[in-house]
Structure formats: structure tokens, C-alpha cells
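Q: any chance you can model this:
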Amino acid sequence: MPQEKSENFFTELLKFVLIAAVIVVPLRLFVAQPFIVSGASMDPTFANGQYLIVDELSYHFEAPQRGDVIIFRYPKDPSQFFIKRIIGLPGETVLIRNGQVEIKKVDGSTVTLNESYVVNLGNGGDATYAIPQGEYFVMGDNRPESSDSRTWGLLPRQNMVGRAFLRLLPVQNIGFFPGGTPAQ
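A: Just a heads-up that it's a prediction; the model follows:
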């Protein structure tokens, strides 16, 4: 009898592990993945060491939007992951003047971004960036400490992993779509 209980326990344990793997592995590979913020480029929105869950699914059904905080593979070294905010969309022109960001939209209208999340301005002079189809202009919220599209160029759409969906740590800052902004 003890031999039969032991075999039954291991059989049930094996079933549980297989079912868990069938559920967890596809979720982890195709829907969401963890990400730990490293560096100061997104201060004060995201601090070094914060733990995020990245939504990898949404951008298969909808286009990335201005203001989304995204995780992507660095175009110059795809083994590295960066976190930045989308500033300019395909077909637009980004104008930076005296630290202020303006967007010339596809329809010809111009909008000055309300970037209340940016505390530290700087890192670069005035510039203009035309964005072709399939590419995006991204910047960190901590402008002097951010290596972003101003430094290394535009972000190809295929490098995007997903958007910040959930901040889990620190516990006092738990929230969905952390760092999100109203559409501009």
C-alpha cells in the first residue's frame, strides 16, 4: 500500500507540473514577461530596481501610441533591453526647441507636448527629426541621463517588445499602465 500511495503522489505531481508548464510557458513567451528597470533614464517615473510586467500582446492588435512607456531591444545591440517613452509616431516630425518638444503631425497640425512627467530637461540642443513609416522617436523622462533617439536614432517597430503593463515593486507603487499619459 505505501508503494501505491508514493506512485500516485508522483503521478499527480507530474500531471500538475505538466499542466502548469502548458499554461505558464505560452503566457511567458507570448503574452507577458517580467522586466526590472535598470538605470536612471526614466526617473522619476521609474526608479532603478522597479519590477514591471510587460504586455507583449496589445501591439499585435493596436498601434503604439504617443506617451506609451515601452520596453524594446536596443537597435545597436538587440541583446540589451531599454525602457523609454514614445514621443514621435511614424510620418511625424519631432522638433526640440529650448527643451520643449513639438510634434508636427501627419495632417500638418503642430502640438506642443505637455510633459509634466519630465523633471530634468537638457542633454542636447535644438533639433528636428523626421520619422519614416515603421519607426518611432523615443525619449527617457530624465532627459540628461537618457540614451535615446536623440543619441542613437529612431526605433524600428520590430524592436518593440511591449508596453509597461503593471508595476509590481515597490509595493507602494503598484499600478496598471504605470507612467501612462493622456493622449496628446
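Q: could you pull up the mean pLDDT of stretch 75-84?
A: Per-residue pLDDT values over stretch 75-84 give a mean of 94.
Q: repeat for stretch 108-115
A: The model assigns stretch 108-115 a mean pLDDT of 90.
Q: just the residues contacting that stretch, thanks.
A: With contacts defined as CB atoms under 8 Å, 6 or more residues apart in numbering, stretch 108-115 is touched by 66, 87, 100-105, 184. From N, CA and C alone the C-beta is placed, and that goes for glycine too.
Q: go through those and give me the one with the most neighbours.
A: I87 (24 neighbours; other CB atoms under 10 Å).
Q: hang on, that one in a strand?
A: Yes: when DSSP: H, G, I helix; E, B strand; the rest coil is applied, I87 is found to be in a strand.
Q: low pLDDT regions in the chain?
A: 1-7, 20-32, 122-123, 181-184 (pLDDT under 70).
Q: tell me, what residue is most central in it?
A: The centre of the chain sits closest to I70, judged by CA atoms, centre = their mean, with a distance of 1.6 Å.
Q: how is this structure divided into domains?
A: 1-30, 33-175 (automatic domain parsing).
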